[in-house]
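In: No sequence on hand, only this structure:
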């Protein structure tokens with residue numbers, strides 16, 4: 001836990017973290033949420049949490065980096081920041097109209113994400129997917145990457161509004177292969 005916190009604190013302290021604009025998938029689909037309570041998992045400095053707060057959402061933003069959360073809190077004190085290791089964090093059932101999971105993968109949280117949604121709640125999930133093609137982003141640990149069609153299978157019990165797997169250019173200009181899903185909890 002402390003090793004991960006230190007790693008991410010150093011990354012955010014360096015000022016070289018390129019993601020500042022809200023994720024396009026969040027901007028496109030946040031309006032599907034019928035209520036205004038949201039959770040942003042692995043929020044970093046809060047680009048998506050800040051966007052949702054501007055749109056009138058009450059936002060819980062969770063991250064392991066206290067450096068990132070401090071920066072987020074300085075930008076908007078109304079966002080509820082939660083400093084937690086997501087390997088141990090628990091999402092409260094039936095709590096959110098919208099849950100975001102962008103550029104992060106912790107398979108342990110998938111059942112909790114689904115349970116954490118209120119009836120009619122929306123999940124927007126987008127993260128990196130394994131590809132053997134050359135020239136694509138690959139993190140150090142392949143366990144943090146989805147397999148092809150895995151995201152679709154993980155959320156197949158929800159009503160899928162949008163699904164895509166494909167190439168994307170990251171904020172730092174590097175090519176990545178990502179899977180994206182937007183799904184609604186119907187019951």
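Out: Looks like it arrived, so ask away. Worth saying up front: this structure is predicted, and the values here are computed from it rather than measured. Residues are numbered from 1 along each chain as shown.
In: pretty sure residue 147 contacts residue 131?
Out: No - between residue 147 and residue 131 there is no contact, the gap being 10.2 Å when judged by Cβ atoms under 8 Å. Backbone N, C-alpha and C define where each C-beta goes, glycine included.
In: Comparing these two, which shows the higher neighbour count?
Out: residue 131 (19 against 11; other Cβ atoms under 10 Å).
In: what's near enough to touch that one?
Out: Contacts here follow Cβ atoms under 8 Å, 6 or more residues apart in numbering; on that basis residue 131 touches residue 177.
In: likewise residue 41?
Out: Shown in contact with residue 41 (Cβ under 8 Å, 6+ apart): 62, 86, 99-101, 104, 106, 109, 113.
In: So which of these wins on neighbours?
Out: The member of these surrounded by the most neighbours (other Cβ under 10 Å) is residue 100, with 30 neighbours in all.
In: pretty sure residue 121 is touching residue 36, no?
Out: No - assessed by Cβ under 8 Å, residue 121 is found out of contact with residue 36, at 11.6 Å.
In: joint contacts of these two?
Out: Shared contacts of residue 121 and residue 36, defined by Cβ under 8 Å, 6+ apart, are found at residue 97.
In: The two: which has the busier surroundings?
Out: Comparing residue 121 with residue 36 by neighbour count (other Cβ under 10 Å), the higher total belongs to residue 121, at 27 against 14.
In: Give me the contact list for the strand or helix carrying residue 179.
Out: Using DSSP states H and E, residue 179 sits within strand 175-184. Strand 175-184 is touched from outside by 25, 29, 32, 120-131, 133, 135-137, 146, 148, 150-152, 155, 158-170, with contacts defined as Cβ under 8 Å, 6+ apart.
In: Please indicate which of the residues you listed are buried?
Out: Judged by neighbour count, with 16 or more other Cβ atoms under 10 Å as the criterion, the buried members of these are 25, 29, 32, 121-129, 131, 136-137, 146, 150-152, 155, 158, 165, 168.
In: picking up where we left off before, among the contacts of strand 175-184, which are in helices?
Out: Cross-referencing the contacts of strand 175-184 with the helices (criterion: DSSP state H) gives 25, 29, 150-152 as the overlap.
In: Just list whatever residues bridge to the residue nearest to residue 151 when sequence neighbours are not counted.
Out: With Cβ to Cβ, 6 or more residues apart in numbering as the criterion, residue 151 has its nearest non-adjacent residue at 4.1 Å, and that residue is residue 179. The partner list for residue 179 in beta bridges (DSSP bridges) reads residue 127, residue 165.
In: Against residue 163, how distant is residue 179?
Out: Distance of residue 179 to residue 163, computed by Cβ to Cβ, to the nearest Å: 8 Å.
In: Touching both of these two, which residues are there?
Out: Listed contacts common to residue 179 and residue 163 are 151-152; contacts here mean Cβ under 8 Å, 6+ apart.
In: Please settle this for me: is residue 97 part of a strand?
Out: Yes - the assignment for residue 97 by DSSP: H, G, I helix; E, B strand; the rest coil puts it in a strand.
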